[in-house]
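# with the input below, show me the fold.
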Amino acid sequence: MNDLAAFFSLLTPEGRALLDAVRDTDPADELAVATRLRREHPAELVSAALGQARLRQRAVAKFGAADAGRMFFTPNGVEQSTRASVAAYRADRMKELGVHSVADLCCGIGGDAIALARAGIRVLAVDRDPVTAAAARANADALGLTGLFEVREGDVTEVDVSSYDAVFVDPARRGGRGRIFDPEAYSPPLSWAVETARKAPRAALKIAPGIPHEAIPAEAEAEWISDGGDVKEAVLWFGTDPGAVRATLLPGPRSLLSRGLPDPGVRPVGRYLYEPDGAAIRAHLVAEVAQQLDGGLIDATIAYVTADELRPTPYAAAYEITDQLPFNVKKLKALLREREVGILTVKKRGSAVEPEELRKKVKPQGPNAATVFLTRVAGAPTMLVGRPA
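Model prediction:
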């Protein structure tokens, strides 16, 4: 049985019944469950059902238990799908821009198309992989969205998008050897996606957060998105605000816009240390964060902001600094022992020392908690000790 036939077997009444039966199977019990089920069902179908159950369990983190338990996935689909909260934010923004129809090119298993359809936007979802396209079609059906969600198997470069209000492109950024960092090695290449976007009234291109800023077209708006403090993706928007740069934090959403500020100055470590959200760092908006906090940098090359006052901001986590030490493991160990610190969080920026390596050396013990920052202050390797403010 090939991959496509195995997938379609899951959509049969027998396949769906098996999916229900293995829904909560613990990976440690798979062999025993498979052995039992193969007495009554084809071995290929049992393997496909157990594989799909594993994928659904992995997908809960992105899609939530209710949707993940009904949806269909491929291994790459789970890995590369947009987190549901991010997809919903983007769909809402499309709706606010007056978009009523979207051509979703490289749709994968349909994560973004689901969010667009739930926002009331008509979607053409296209993917060239037969199994992936079949999964997207099954998901439209499973979630009751077939009225707004059409799936087409085919080459996205051959799709006529002229009748759609907007284009969304999510090129494949993984190959046989793992993650792809060169935008021109995406499938399709970023240059093709940009040219397609330029022809549409509106467009959004999902790209890797590490894209060099110099690779961003001048007419695009660049947005970096984090969810719960973790940077998830970057998006190039066309037909919105050319040249704008923003960091958007979810839940919220909260957006910080670039104002073209110069780099903040370096100053001595104050009472508080602020760790900017990763989206603000990727968007090169540390200066905007520092201005909000009336702060400066602890080092010209390190994205930690320091200030004397506590000013709550969604764009940075605040810590009260109690100690500043030159890098010295023995001194740190003695300090932590004196403070009876057994719950130790280690963060690093600008240090070659791995947090787990440090934890093993200092052997924290005691009822108290502390955070240690391994970093540089004015060029010197430094340890800052503190606690969340």
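# where does the protein dip in pLDDT?
Applying pLDDT under 70 to the chain flags residues 1, 173-178, 180.
# kindly recompute the last result at 90.
For the chain, the stretches flagged by pLDDT under 90 are 1-3, 24-35, 79-80, 171-190, 208, 211, 252.
# what does Leu249 show for phi and psi?
phi -110, psi 130 (degrees, to the nearest 10).
# who does it form a beta bridge with?
Beta-bridge pairing for Leu249 (DSSP bridges): Ser226, Arg254.
# list of residues touching stretch 128-147?
3-4, 7-8, 11, 67, 70-74, 76-77, 107-110, 113-114, 117-118, 125-127, 149, 151-156 (CB atoms under 8 Å, 6 or more residues apart in numbering). Every C-beta, even on glycine, is put in place using the N, C-alpha and C of the backbone.
# from Ala317, how far off is Arg118?
32 Å (CB to CB, to the nearest Å).
# go on, Leu285?
15 Å.
# check contacts around the residue nearest the centre of the chain.
Central residue of the chain (CA atoms, centre = their mean): Lys232, 2.0 Å from the mean position. Taking CB under 8 Å, 6+ apart, we find Lys232 in contact with Thr82, Arg83, Val86, Pro209, Ile225, Ser226.
# for the residues you listed, pick the one with the most neighbours.
For those, the largest number of neighbours (other CB atoms under 10 Å) sits with Ile225, at 28 neighbours.
# ok, that one touching Gly278?
No - contact criterion CB atoms under 8 Å: Ile225 and Gly278 do not qualify, at 10.0 Å.
# intersection of neighbour lists for these two?
Val231.
# mind checking which of the contacts of stretch 128-147 are in strands?
Counting by DSSP state E, the contacts of stretch 128-147 place Ala125, Val126, Asp127, Phe149, Val151, Arg152, Glu153 in strands.
# surely the first one touches Asp104?
Yes - with contacts defined as CB under 8 Å, Ala125 counts as touching Asp104 at a distance of 4.5 Å.
# hey, what's in contact with both of those two?
Joint contacts of Ala125 and Asp104 (CB under 8 Å, 6+ apart) are Ala113.
# host element of Ala135?
Following DSSP states H and E, one finds Ala135 within helix 130-142.
# now find how far off-centre that helix is within its chain.
Relative to the centre of its chain, helix 130-142 is centred 22 Å away, using CA atoms, centre = their mean, to the nearest Å.
# please identify the buried residues of that helix?
Val131, Thr132, Ala133, Ala134, Ala135, Ala136, Arg137, Ala138, Asn139, Ala140, Ala142 (16 or more other CB atoms under 10 Å).
# and what of stretch 311-327?
Thr313, Tyr315, Ala316, Ala317, Ala318, Tyr319, Ile321, Gln324.
# check this protein for its longest helix and report it.
Across the chain, the longest stretch assigned as helix under DSSP state H is helix 43-68.
# packing partners for that helix?
helix 3-10, helix 13-21, helix 30-37, helix 75-80, helix 84-96, helix 111-118 (3 or more CB pairs under 8 Å, 6 or more residues apart in numbering; DSSP states H and E).
# most tightly surrounded among those helices?
helix 111-118 (a mean of 27; mean count of other CB atoms under 10 Å).
# what does that one contact?
Under CB under 8 Å, 6+ apart, the answer for helix 111-118 is 62-63, 67, 81-84, 87-88, 90-91, 94, 102, 104, 107, 123, 125, 136, 139-140, 143, 145, 148-149, 151, 168, 170, 206.
# one more time with 6 Å
Here helix 111-118 makes contact (CB atoms under 6 Å, 6 or more residues apart in numbering) with 81-82, 87-88, 91, 102, 104, 107, 123, 125, 145, 148-149.
# now do that helix: distance to the chain's middle.
Using CA atoms, centre = their mean, the offset of helix 111-118 from its chain centre is 17 Å.
# now it - C-alpha only, CSV.
Provided in CSV are the C-alpha atoms of helix 111-118 (Å, rounded to 0.1, in the frame of the first residue of the first chain):
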residue,chain,number,x,y,z
GLY,A,111,-3.6,25.2,8.9
ASP,A,112,-3.8,28.7,7.5
ALA,A,113,-6.6,27.9,5.2
ILE,A,114,-8.7,26.7,8.2
ALA,A,115,-8.1,30.0,10.0
LEU,A,116,-9.0,32.0,6.8
ALA,A,117,-12.2,30.1,6.2
ARG,A,118,-13.2,30.5,9.9
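# how close does Gly278 get to Gly229?
7 Å.
# ok, these two, which is more surrounded?
Between Gly278 and Gly229, counted using other CB under 10 Å, the more crowded position is Gly278 (18 against 12).
# apart from its neighbours in sequence, what residue is nearest the more buried one?
Val231 (3.9 Å; CB to CB, 6 or more residues apart in numbering).
# pull the contacting residues for the one you found.
Pro209, Gly278, Ala279, Arg282.
# what about the last one, how many residues close to it?
For Arg282, the count of nearby residues is 22 (other CB under 10 Å).
# name the nearest residue to it, ignoring sequence neighbours.
That would be Trp224: by CB to CB, 6+ apart, it lies 4.5 Å from Arg282.
# would you agree the one you found falls within a helix?
No - applying DSSP: H, G, I helix; E, B strand; the rest coil, one finds Trp224 to be strand, outside a helix.
# contacting residues for it?
Pro209, Ala234, Ala247, Ala279, Arg282, Ala283.
# now the last one: how far from Lys348?
Read it as Ala283. For Ala283, the distance to Lys348 - CB to CB - is 21 Å.
# the more surrounded of the two?
More crowded of Ala283 and Lys348, by other CB under 10 Å: Ala283, with 27 against 14.
# the more buried one reaches Val245, doesn't it?
Yes - between Ala283 and Val245 there is a contact under CB atoms under 6 Å: 5.4 Å.
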